[in-house]
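Student: kindly generate the corresponding structure for this input.
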Amino acid sequence: MKEASEYVAALIRTVKDKLDGGDKDYSLVVKKSIDYINAHFAETISLTSLADHFGLSSGYLSRLLRAETGINFVDLVVKARIEAAKRLLRDPRLKVNEVGEMVGYKEYAYFYQVFKKVEGVSPKEYKNRSE
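Tutor: Alright, predicted model coming up:
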């Protein structure tokens, strides 16, 4: 009975880690894709250009990213951009619209819209709370 209890506890920890985002066992292609996105998020980046970079079809890479991360390509780029924006917004010397441009959004209105959708507050509100 004790062994069964320990097994169930270990299984629950494993499931919890996966749900919390810990213990990510991604394939090499997915790891490299995520690294590439995190390094180039401020640039114009497309699924096709990323797939070409790795010599894969865009459809295959799209399915692979979605299957392993649970997130599609566009949302991975958005996530990288917003995380970077949050770090930059903590700098009192930077203006909100500058931060949007720095993370790859050419139009402030679109940056505002995406940031608010992801974070639940506007970039300016986030910046004011961080100061």
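Student: and the strands in this structure?
Tutor: With DSSP state E, there are no strands along the chain.
Student: what separation do you get for the most centrally placed residue in the chain and K32?
Tutor: With distances taken as Cα atoms, centre = their mean, K79 lies nearest the centre of the chain, 3.0 Å away. Counting by Cβ to Cβ, to the nearest Å, the gap from K79 to K32 is 17 Å. (Each C-beta comes from the backbone N, C-alpha and C, glycine too.)
Student: go on, K117?
Tutor: Distance from K117 to K32, by Cβ to Cβ: 28 Å.
Student: ok, the residue nearest to the centre of the chain - contacts?
Tutor: Residues in contact with K79 (Cβ atoms under 8 Å, 6 or more residues apart in numbering) are I71, V118.
Student: what do you get if the cut-off is 10 Å, keeping everything else the same?
Tutor: Residues counted as contacts of K79 (Cβ atoms under 10 Å, 6 or more residues apart in numbering) are I34, I37, N38, F41, T69, I71, V118.
Student: distance of it relative to E119?
Tutor: Noted for K79: a distance of 11 Å to E119, by Cβ to Cβ.
Student: could you show me where the helices are in this protein, in order?
Tutor: Along the chain, the stretches classed as helices by DSSP state H are 2-20, 28-40, 47-54, 58-69, 73-89, 96-102, 108-119, 123-130.
Student: need those in a markdown table with mean pLDDT, can you?
Tutor: Compiled in a markdown table, the helices of the chain are given as follows (pLDDT from 0 to 100):
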| stretch | mean pLDDT |
| --- | --- |
| helix 2-20 | 66 |
| helix 28-40 | 94 |
| helix 47-54 | 96 |
| helix 58-69 | 96 |
| helix 73-89 | 96 |
| helix 96-102 | 95 |
| helix 108-119 | 96 |
| helix 123-130 | 91 |
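Student: list the buried residues for stretch 35-55?
Tutor: Neighbour-count burial for stretch 35-55 flags I37, H40, F41, I45, L47, L50, A51 (criterion: 16 or more other Cβ atoms under 10 Å).
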